[in-house]
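Student: From the sequence below, what's the structure:
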Amino acid sequence: MTMKDFANYIIAIANEEKLPITNLQLQKVMYFGLKYVMQHQLYPSELIEAMYDQHFLVWRYGPVVKDIYETYQGFGADPIVANPDATTFPQCELLKRYIIQLIQERPFNLVDRSQRERFWIDHKRAIDGWRSDVAYQLHDIAS
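Tutor: This is a model prediction of the structure:
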């Protein structure tokens, strides 16, 4: 699984549960979902390291995977719909309930939570306009 696969999995769950998900929400659900996986040791560290093939960056509204953001930016603040790549992964079933919970949370609550994370606070000055190139390492997410 890659970060793109993870994003598609989250979108598939949202579609399956008939829950709208915006690009902003997707980014935060990915971030907190990955954090949950690491904190609860749901997968071996080798699998997590292989999955984290695109890094979150410090952006104005919290952590963002740039390529995935750009894939869905055409939706703006509207829900992402009809993603033909969205698919579920049996190995992610342990995470499904938590992902549904995150999708149901108010998007700006997730933003606020992500902006209270130590790494974001320590690097928010690097944001120029809306973005920075400061990348999260896995240990930054796990802490």
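Student: can we go C-alpha only for contacts and neighbour counts from here?
Tutor: Will do.
Student: all strands for this protein, in order.
Tutor: Using DSSP state E, the strands assigned to the chain run over residues 56-59, 62-65.
Student: on contacts alone, who are the packing partners of the first one?
Tutor: In this structure, strand 56-59 makes packing contacts with strand 62-65, judged by 3 or more Cα pairs under 8 Å, 6 or more residues apart in numbering; DSSP states H and E.
Student: What are the contacting residues of the strand it packs on?
Tutor: Contacts to strand 62-65, defined as Cα atoms under 8 Å, 6 or more residues apart in numbering, come from residues 27-28, 31, 54-58, 111-112, 114-115, 120.
Student: Closest one of the residues you listed to Asp5?
Tutor: Using Cα to Cα, Gln54 comes nearest to Asp5 of these, at 11.2 Å.
Student: how close does the residue nearest in space to the middle of the chain get to Tyr69?
Tutor: Against the mean C-alpha coordinate of the chain, by Cα atoms, centre = their mean, the closest residue is Met30 at 1.8 Å. Computed with Cα to Cα, to the nearest Å, the distance linking Met30 and Tyr69 is 11 Å.
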